[in-house]
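In: Here you go, sequence then predicted model.
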Amino acid sequence: MNPTKKRAPGHLQTATRRWWSSVVGDFELEPHHVRLLTLAGEAWDRCVEAREALAANGLTFTDRHGSPRARPEVGIERDARIAFARLLRELGLDVLPPSESRPPTIAANAYRQTGVG
């Protein structure tokens, strides 16, 4: 995909549009990858919106019975974080293998110790 022909969706926040454009410029993406990238940007923006609402209103509210309850934005932020992380994993933007100087991962250590991966 030619990055000069693809513009970041206008509904994304300014910082997210910059991130989206940098990814499109740095990677060769198929059309379905661009859609996943857009969904990731939307999830990020939703997470930021929920975080801002929580900062303004607090994590909890008192219901009509006087009991504290989590604000709905807590779940919105959590769900958006999970969606963003999954979409990034699906896109697989970390294409370079780790360098030899990097310590092995926990899974690699477990395999070496037990012979089971």
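Out: Thanks, I have the structure now. Residues are numbered from 1 along each chain as shown.

In: Next, count neighbours for residue 34.
Out: 17 (other CB atoms under 10 Å). Any C-beta I mention is one placed from the backbone N, CA and C, and that applies to glycine too.

In: So it is in contact with residue 9, correct?
Out: No. Counting by CB atoms under 8 Å, residue 34 stays clear of residue 9, with 9.6 Å between them.

In: Report all helices and strands that whichever strand or helix holds residue 85 contacts.
Out: Secondary structure assigned from DSSP states H and E places residue 85 in helix 72-91. Contact here means 3 or more CB pairs under 8 Å, 6 or more residues apart in numbering; DSSP states H and E; on that basis helix 72-91 packs against helix 31-57.

In: quick one: the very next helix or strand once past the helix it packs on to chain centroid distance?
Out: Where DSSP H and E defines the elements, the next helix or strand beyond helix 31-57 is strand 60-62. Offset of strand 60-62 from its chain centre (CA atoms, centre = their mean, to the nearest Å): 27 Å.

In: residues in contact with residue 18?
Out: residue 8 (CB atoms under 8 Å, 6 or more residues apart in numbering).

In: and it, which of the three is it?
Out: helix (DSSP: H, G, I helix; E, B strand; the rest coil).

In: how far away is it from residue 7?
Out: Distance check for residue 18 against residue 7: by CB to CB, to the nearest Å, it reads 12 Å.

In: how far away is the most centrally placed residue in the chain from residue 66?
Out: By CA atoms, centre = their mean, the chain has its centre lying nearest to residue 84, at 2.5 Å. Applying CB to CB, the value for residue 84 to residue 66 is 35 Å.
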